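S.K.: need the 3D shape of this:
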Amino acid sequence: MYHSFKDMSVWQKALSLSVEVFNLTKFLPIAENYGLTSQARRSSNSVTGNIAEAFGRKTNKDKSNFYIIAKGSAFETQSHLIYGQKVGYFDLEKIEHINNEYNTLIHELNKILKTLNS
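M.R.: Coordinates of the predicted model:
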């Protein structure tokens, strides 16, 4: 049993990925500050926030809702990174690595959801 959301490996992985996305977007053009930079950072940070919020909820239904939102934010982040690569901002290999890590995270969230809903 976890005593804090910070003890959860899924939250730790999401935080690590959020830091990677932040570092990746540091060098985007200023014109992207309110576009891709902001969107990618917000969606990646939303994953950690929703996992933490799920941890603090009492019922499995409430917990599930926040894990589902976290999963959606992970998919959204992947989409932003793919777009950034397609327009020439990001290296394909780096994006593939981060997106593979997000796939692992999504799989872990699916396992949590399956446990909560059984």
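
S.K.: nearest residue to Tyr83 in space, please, no chain neighbours.
M.R.: Leu36 (6.9 Å; Cβ to Cβ, 6 or more residues apart in numbering). Any C-beta I mention is one placed from the backbone N, CA and C, and that applies to glycine too.

S.K.: with Gln85 instead?
M.R.: Per Cβ to Cβ, 6+ apart, closest to Gln85 is Ile95, 4.5 Å.

S.K.: and the longest helix belonging to the chain, which residues are buried?
M.R.: The single longest helix within the chain, with elements called by DSSP state H, is helix 60-86. Residues 63-64, 66-67, 69-74, 76-78, 80-81, 84-85 are the ones in helix 60-86 that count as buried (16 or more other Cβ atoms under 10 Å).

S.K.: now for it, which elements pack on it?
M.R.: Judged by 3 or more Cβ pairs under 8 Å, 6 or more residues apart in numbering; DSSP states H and E, the packing partners of helix 60-86 are helix 9-25, helix 36-56, helix 92-116.

S.K.: make it 6 Å
M.R.: Contacts defined by 3 or more Cβ pairs under 6 Å, 6 or more residues apart in numbering; DSSP states H and E place helix 60-86 against helix 36-56, helix 92-116.

S.K.: quick one: mean pLDDT for it?
M.R.: Helix 60-86 carries an average pLDDT of 98.

S.K.: now the angle from it to helix 9-25?
M.R.: Interaxial angle, helix 60-86 versus helix 9-25 (axes from the mean of the first three to the mean of the last three Cα atoms, to 10 degrees): 30 degrees.

S.K.: how far off centre is helix 60-86?
M.R.: 6 Å (Cα atoms, centre = their mean, to the nearest Å).

S.K.: the nearest residue to Ile82 once chain neighbours are set aside: neighbour count?
M.R.: Excluding its sequence neighbours, the residue lying closest to Ile82 (Cβ to Cβ, 6+ apart) is Ile95, at 6.6 Å. Other residues near Ile95 come to 19 when the count uses other Cβ atoms under 10 Å.
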